[in-house]
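Engineer: Give the three-dimensional model of this entry:
(one chain, ligands or ions: 2)
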Amino acid sequence: MTKPAYQRVLLKLSGEALMGDDNFGINRATIERMVADVAEVAKLGVQVAVVIGGGNIFRGVAPGAQGMDRATADYMGMLATVMNALALADAMRHVGITARVMSAIAIEQVVEPYVRPKALQYLEEGKVVVFAAGTGNPFFTTDTAAALRGAEISAEIVLKATKVDGVYTADPKKDPNATRYESISFDEAIAKNLQVMDATAFALCRDQRLPIKVFSIVKPGAMKAVIMGEDEGTLVHV
Ligand SMILES: Nc1ncnc2c1ncn2[C@@H]1O[C@H](COP(=O)(O)OP(=O)(O)OP(=O)(O)O)[C@@H](O)[C@H]1O
Ligand SMILES: O=c1ccn([C@@H]2O[C@H](COP(=O)(O)O)[C@@H](O)[C@H]2O)c(=O)[nH]1
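Structural biologist: Ligands and ions are numbered 1, 2, ... in the order given. You can find the predicted model right below:
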């Protein structure tokens, strides 16, 4: 049997994708599908660490956050990712995956704090680690958290699982003429200001020589194809 292309990956799961066709929140069928994808990959013996976004919950409270102090709104966004992480770990438990949630913000009655050696230990034990609360700092995003944690745990790649199937010349949801790149360098993605990920995340991955694969979380089989090193999504490289 062909072996997976990676032994340890950092998977960035879109928060927005979690709401499925709903207006906000967590869609049950969607989270179960995502977890099934993760289970398939974990079964191959790949060590999986996850960073989950918060857009699905934050979108629901965004009108109330209008005019708020930016840092306060950002802390709300980070707390939204904690809720998603808890839901994700629970859904994993239902399918027999042992997951540990680690938060970048101290909230110890709810989840354990992020401690790097502990995260590494869990991964080596075959547990899935879900990093919650982003970087723990306002003015950042969970994409940057994925780059940061990916570098910290020496992941071989950051897998950005999102609503589109790769990096395009422009936002494919807005521009029907946008075309997909098979691969693109970090420098070009930054210079062209491609908004699929924020520039801080791109720059951190570039400096750490940590490649990113952008692919669809909606397309069945895409995550496994990426893990097996097949031609799927867009590779962002040094
Ligand atoms: N050049 C581009 N190529 C591909 N997608 C793009 C591009 N520019 C903008 N996008 C948009 O970026 C989105 C993905 O990034 P975004 O960070 O907004 O979502 P996410 O990471 O999936 O969600 P969340 O922040 O909730 O985790 C896509 O849904 C797509 O519409
Ligand atoms: O390190 C971080 C990560 C996130 N935030 C805030 O949370 C929301 C949700 O994260 P997404 O990456 O958009 O899914 C984000 O908009 C920020 O407000 C943060 O401040 N720091």
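
Engineer: Please list the residues outside the helix or strand bottoming out on mean pLDDT in the chain that contact it.
Structural biologist: Sorting the helices and strands of the chain by mean pLDDT, DSSP states H and E puts helix 55-65 at the bottom, at a mean of 83. Identification of contacts with helix 55-65 by CB atoms under 8 Å, 6 or more residues apart in numbering yields 14-19, 23-26, 73, 76-77, 80, 83-84. All C-beta spots, glycine's among them, are computed from the backbone N, C-alpha and C.

Engineer: do the same with stretch 210-218
Structural biologist: 13-14, 17, 34, 37, 147, 150-151, 155-167, 196-197, 201-202, 204-205, 222-223, 225-226, 232-238.

Engineer: for that stretch, how far is the first residue from the last?
Structural biologist: 24 Å (CA to CA, to the nearest Å).

Engineer: In it, which residues are buried?
Structural biologist: Going by neighbour count (16 or more other CB atoms under 10 Å), the buried part of stretch 210-218 is 210, 211, 212, 213, 214, 215, 216, 217, 218.

Engineer: Please narrow these to those residing in strands.
Structural biologist: In strands, judged by DSSP state E, the following of the buried residues of stretch 210-218 are found: 212, 213, 214, 215, 216.

Engineer: Turn the residues you listed into JSON lines, columns for pLDDT and distance to residue 45.
Structural biologist: Shown next, in JSON lines, are these (pLDDT from 0 to 100; distance: CB to CB, whole Å):
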{"residue": "212", "pLDDT": "98", "distance to residue 45": "22"}
{"residue": "213", "pLDDT": "98", "distance to residue 45": "19"}
{"residue": "214", "pLDDT": "98", "distance to residue 45": "24"}
{"residue": "215", "pLDDT": "98", "distance to residue 45": "20"}
{"residue": "216", "pLDDT": "98", "distance to residue 45": "24"}
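
Engineer: could I get the residues you listed as TSV with distance to residue 51?
Structural biologist: Below are those laid out as TSV (distance: CB to CB, whole Å):
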residue	distance to residue 51
212	12
213	14
214	14
215	15
216	18
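
Engineer: May I ask which two of these are separated the most?
Structural biologist: Pairwise distances across those peak at 14.5 Å for 212 and 216 (criterion: CB to CB).

Engineer: related to what we said a few turns ago, with the contacts of helix 55-65 in mind, which one is nearest to ligand 2?
Structural biologist: Set against ligand 2, the nearest of those by CB to the nearest ligand atom is residue 77 (2.3 Å).

Engineer: tell me which element that closest one is part of?
Structural biologist: helix 70-94 (DSSP states H and E).

Engineer: Going by contacts, tell me the helices and strands next to that helix.
Structural biologist: Packed against helix 70-94 by the contact rule (3 or more CB pairs under 8 Å, 6 or more residues apart in numbering; DSSP states H and E) you find helix 28-43, strand 47-52, helix 55-65, strand 99-103, strand 128-132.

Engineer: which stretch in the ones you listed has the least confidence?
Structural biologist: Lowest mean pLDDT within those: helix 55-65, a mean of 83.

Engineer: and the angle for it with helix 28-43?
Structural biologist: 140 degrees (axes from the mean of the first three to the mean of the last three CA atoms, to 10 degrees).

Engineer: Spell out which residues of this protein are next to ligand 2.
Structural biologist: 15, 53-55, 58, 73-74, 77-78, 80-81, 134-135, 137-138, 140-145 (CB under 6 Å from any ligand atom).

Engineer: Reformat the buried residues of stretch 210-218 into JSON lines and put distance to residue 67 next to each item.
Structural biologist: As requested, the buried residues of stretch 210-218 are exported to JSON lines (distance: CB to CB, whole Å):
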{"residue": "210", "distance to residue 67": "37"}
{"residue": "211", "distance to residue 67": "40"}
{"residue": "212", "distance to residue 67": "34"}
{"residue": "213", "distance to residue 67": "38"}
{"residue": "214", "distance to residue 67": "33"}
{"residue": "215", "distance to residue 67": "37"}
{"residue": "216", "distance to residue 67": "35"}
{"residue": "217", "distance to residue 67": "33"}
{"residue": "218", "distance to residue 67": "34"}
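
Engineer: Right, I'll leave it there.
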